[in-house]
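**Q** Predicted model and sequence follow; I will ask about them next.
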Amino acid sequence: MMMSTRTRLAKSVTTKPLNLRHASASLLPPIPLYRALLRAHRVLPFEMRSLGDGYVRSEFRRHKDVTNPVYIMGFLTQWKIYLDQLPAGADGHAYRGQRLDPTVFEKMSSEQLAQLYEVMHVTKDVWKPVEPATEGAQETLHSDPVKP
């Protein structure tokens with residue numbers, strides 16, 4: 001039985017048609033996953049890209065020294081799921097996110113819920129429309145700062 005398992009594992013992937021659903025479920029190592037996330041953010045609108053890039057960078061830095069393999073697997077799995085949900089190609093500029101599954105809320109700790117609440121407020125601030133400046137403020141911006 002062990003020999004048949006080794007034989008199956010040693011077979012080339014190209015001998016069978018590739019199952020995309022199975023392939024997307026596989027995990028990426030941390031650095032390739034990090035790079036793939038930043039590449040996927042390139043197609044998003046500027047505000048979403050800057051927010052997403054900053055969040056990805058901070059989360060990967062924060063978890064750089066984690067040694068618990070179960071925690072690492074959960075971390076990589078969730079980021080891979082997020083990567084698979086991001087749009088590819090020109091569809092990214094129209095992407096506006098998606099709602100969280102209610103069962104996810106039930107599984108979150110109070111600390112995670114507090115962090116999610118903070119993220120919600122930060123994202124609302126990012127999407128606030130810029131108010132037009134008054135005429136007086138525009139004149140001071142466009143006037144020559146050094147007068148003879």
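**A** Looks like it arrived, so ask away.

**Q** what helix or strand is the spatially closest residue to residue 42 that is not a sequence neighbour on?
**A** The shortest distance from residue 42 to any non-neighbouring residue, by Cβ to Cβ, 6 or more residues apart in numbering, is to residue 49 (6.8 Å). Placement of C-beta: from N, CA and C, glycine included. Assigned by DSSP states H and E, residue 49 belongs to helix 46-62.

**Q** buried sites along that helix?
**A** Of all the residues in helix 46-62, those buried under the rule 16 or more other Cβ atoms under 10 Å are 48, 49, 51, 52, 56, 60.

**Q** just the residues you listed now: which is nearest residue 67?
**A** Nearest to residue 67 among the buried residues of helix 46-62, counting by Cβ to Cβ, is residue 60 at 15.3 Å.

**Q** what residues are up against that closest one?
**A** Residues counted as contacts of residue 60 (Cβ atoms under 8 Å, 6 or more residues apart in numbering) are 30, 34.

**Q** quick one: it and residue 109, what's the gap?
**A** From residue 60 across to residue 109, the span is 21 Å (Cβ to Cβ, to the nearest Å).

**Q** got it, and residue 26?
**A** 28 Å.

**Q** what's the answer for residue 63, then?
**A** 16 Å.

**Q** Which of the two has more residues huddled nearby?
**A** Under the neighbour definition other Cβ atoms under 10 Å, residue 63 and residue 109 were set side by side, and residue 63 has more, 14 against 8.
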